[in-house]
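>>> prediction below, plus the sequence it came from.
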Amino acid sequence: MSDTHYDVIIIGSGPGGGSMAHRLAPTGKRILILERGDYLPREQANWDAKTVFVDGKYQTKEVWYGTDGKTFHPGLHYYVGGNSKVYGAALIRLRERDFDDVEHSEGIAPAWPIKYAELEPYYGQAEALFHVHGQWKEDPNEPPRSDDFPYPPVSHEPMVQNLSEGFARQGLNPFHLPLGIMLDERNGKATPTSICIRCNAFDGFPCLLNGKADAQVVCIDPTVARFSNVTLLTGAYAKRLETNPAGTAITGVQVVRHGVDERYTAETVVVACGSLSSALLFLRSATDKHPNGLANRSGQVGRNYMRHNQSVLMALLKKKNTTVFQKTLGVSDFYFGSDDWKHPLGLIQMCATTQGPQISGEEVPAWMTNWLPNTPFDVMADHALDFWLSSEDLPRPENRILYDGERVVLDLHENNMEAHRRLRAKLKEIMTKEGAAPVLLERKLYFGKDIPIGGTAHQAGTLRFGTDPETSVLDLNCKAHEIDNLYVTDASFFPSIGAVNPTLTIVANALRVADHLKARMGVADSPQAQPARGNSYVLGDLQRTVAA
């Protein structure tokens, strides 16, 4: 068999691609994973706030354009594991109502063509795969589930526990935030053998210890170590997808690896580059049969881009915050509305503790220095409590990623911002009752990006799925309507995004699509696919062996 022909090629090693590889590997089918980046370097700087957030060391330096002609660096991370290397690992299921039409003040979040019940068993499998720690029946908007969380909740430290109790006294329903984390703890402390040590660099930082349950740690590395039928190529940029003359099947993947052109073929191709990069791949693969980009008869490729309306807000306390591992608390009481607003507001959750260098990179307003006068940035950080707020961004066809010649253009028009402003006001109200300053500081440099355009976390929607080829790009199994062997398993398929991190839904859907592919290929798991010892894979130009 040719060294360049495989049964399945998966483009992208993030949660969608990694989960697909993990599920298909035991079938014995020859699988090639193409990752444009390398492994994120494990170095002490992984935990340095200035390096990660202010300098943005691990983000791509690629230059994109807004429609105003101004340039920016998108908040993307091209590494094995994709953007999950720096995600916050808050792995929450979409609410059951998110799968139906949801009315917002500025429009409708459209219903999904499948319902929550179809994804529910895969949500459970996704939680097991990504080591999700949580507490059942605390979140008032949690959808029905067949089983409890696979791991117990991550415990609150004293100040967060006090905050949770204070919220409860206000009539709210705070819950332990479901986290994908490689943590064993006893009495609120990491055990001697726990990978995660409950440090203050969990959230947007790469984890030096691999204690975050990201796609590299839980999917890619275990899969290439166990299965000799799986090959990982790093530094492999998928430049273009080739089709047959009729335009009905993918016949090859053109790859640039370390400046050298290569070509690979497969019976099935799965694209999981992240919704922005996946749409760009479709667009630059245009042919005579697909003049506007692959599978773009509907004109929807690249359109309907969503990425949540988001804020990272810092509440300032007069009392010092001694919390180390802060990201353990969530509040969903305003998810679908409030006592003074009938429309959805969104989700409030805590995030990692602020560090002095992050504040020094911001424009510090006068109220902050007046409230704690003569206070250096590190001391300000010691008095901060930090929250991540997400509200739903509605799919609009004018919100899109496209090419203008060789330039990548992101056309972004904010919508549904009144809901987000009201959510911020709710947080201000409840935190003021808990003794915080009456104003919240916005941390625009979170993830090293000013959130409005460069912040591409939670990207979704550019290749939406549906039953009608005239209004959608993918069918219900996330196969391109017009191309028989082309699938997509990142968040591109989302018709709406809800207000929770999309990662768990990406993983659940990838497992669902993988089962569809197994049935279509007529294969089952094969014990013979598991070697007794190590497995080889390609890392850049170096072939290495990983112990099983």
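Alright, I've got the coordinates.
>>> help me confirm that Arg240 is found in a helix?
No: Arg240 sits outside any helix when classified using DSSP: H, G, I helix; E, B strand; the rest coil, being strand.
>>> what's the closest non-adjacent residue to it?
Using C-beta to C-beta, 6 or more residues apart in numbering and skipping residues adjacent in sequence, the residue nearest Arg240 is Gln254, 4.3 Å away. Using the backbone N, CA and C atoms, a C-beta is placed for each residue, glycine as well.
>>> secondary structure class for the one you found?
When states are read from three-state DSSP, the local structure at Gln254 comes out as strand.
>>> confidence score at it?
Reading off the per-residue confidence, Gln254 sits at a pLDDT of 98.
>>> so who does it touch?
In this structure, Gln254 makes contact with Ala238, Lys239, Arg240, Leu241, Glu242, Asp261, Glu262, Arg263, judged by C-beta atoms under 8 Å, 6 or more residues apart in numbering.
>>> try Ile506
For Ile506, the residues meeting the contact criterion (C-beta under 8 Å, 6+ apart) are Pro15, Gly16, Ser19, Thr489, Asp490, Ala491.
>>> before we move on, what about Glu118?
Under the criterion of C-beta under 8 Å, 6+ apart, the contact partners of Glu118 comprise Arg512.
>>> which phi and psi values does Thr231 adopt?
Here is the backbone geometry of Thr231 (degrees, to the nearest 10): phi -120, psi 130.
>>> tell me the secondary structure at the residue nearest to it when sequence neighbours are not counted.
Closest residue in space to Thr231, ignoring its immediate chain neighbours: Leu32 at 5.1 Å, by C-beta to C-beta, 6+ apart. Of the three states, Leu32 takes strand under three-state DSSP.
>>> Val217: neighbour count?
Neighbour count of Val217, defined by other C-beta atoms under 10 Å: 24.
>>> on the three-state scheme, it is what?
Secondary structure for Val217, judged by three-state DSSP, is helix.
>>> now do the one 3 residues further on
Ile220 carries the three-state label helix when classified by three-state DSSP.
>>> before we move on, what about the one 5 residues further on?
Three states are possible here, and by three-state DSSP the one that applies to Ala225 is helix.
>>> where does the protein dip in pLDDT?
Scanning the chain with the threshold set as pLDDT under 70 gives 1-2, 355-380, 438-439, 441, 443-456, 527-548.
>>> quick one: distance of the longest strand anywhere in the chain to the chain centre.
Among the segments of the chain that qualify as a strand by DSSP state E, the longest is strand 260-271. Centroid separation for strand 260-271 versus its chain: 25 Å, with C-alpha atoms, centre = their mean, to the nearest Å.
>>> please begin residue numbering at 47 from this point
Fine by me, first position is 47 from now on; the one you just mentioned is strand 306-317.
>>> show me what counts as buried in it.
Of the residues in strand 306-317, those buried by neighbour count under the rule 16 or more other C-beta atoms under 10 Å are Tyr310, Thr311, Ala312, Thr314, Val315, Val316, Val317.
>>> now do the SS call for the closest residue to Asp144 other than its chain neighbours.
Once its chain neighbours are removed from consideration, Asp144 has its nearest residue in Gly544; the separation is 4.0 Å (C-beta to C-beta, 6+ apart). Three-state assignment for Gly544 (three-state DSSP): coil.
>>> report the contact partners of Gly544.
Leu140, Arg141, Asp144, Ala155, Glu438.
>>> returning to that earlier point: between the contacts of Gln300, which sits nearest Ser378?
Using C-beta to C-beta, Ala284 is the member of these that sits closest to Ser378, with 37.7 Å.
>>> now the host helix or strand of Asn208: how far from the chain's centre is it?
With the criterion set as DSSP states H and E, the secondary-structure element containing Asn208 is helix 204-215. If you compare the mean C-alpha spot of helix 204-215 with that of the full chain, they lie 28 Å apart, counting by C-alpha atoms, centre = their mean.
>>> contacts for it?
By C-beta under 8 Å, 6+ apart, helix 204-215 touches 202, 220, 367-369, 372, 374-375, 377, 396, 431, 476, 479-480.
>>> send me it as PDB with only the CA atoms.
Extracted in PDB, the C-alpha atoms of helix 204-215 (Å, rounded to 0.1, in the frame of the first residue of the first chain):
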ATOM      1  CA  PRO A 204     -12.400  29.200  51.000                       C
ATOM      2  CA  MET A 205     -13.000  32.600  49.400                       C
ATOM      3  CA  VAL A 206     -14.800  31.100  46.400                       C
ATOM      4  CA  GLN A 207     -16.800  28.900  48.800                       C
ATOM      5  CA  ASN A 208     -17.800  32.000  50.700                       C
ATOM      6  CA  LEU A 209     -18.800  33.700  47.400                       C
ATOM      7  CA  SER A 210     -20.900  30.700  46.400                       C
ATOM      8  CA  GLU A 211     -22.700  30.800  49.800                       C
ATOM      9  CA  GLY A 212     -23.200  34.600  49.400                       C
ATOM     10  CA  PHE A 213     -24.700  34.100  45.900                       C
ATOM     11  CA  ALA A 214     -27.000  31.500  47.300                       C
ATOM     12  CA  ARG A 215     -28.200  33.900  50.000                       C
END
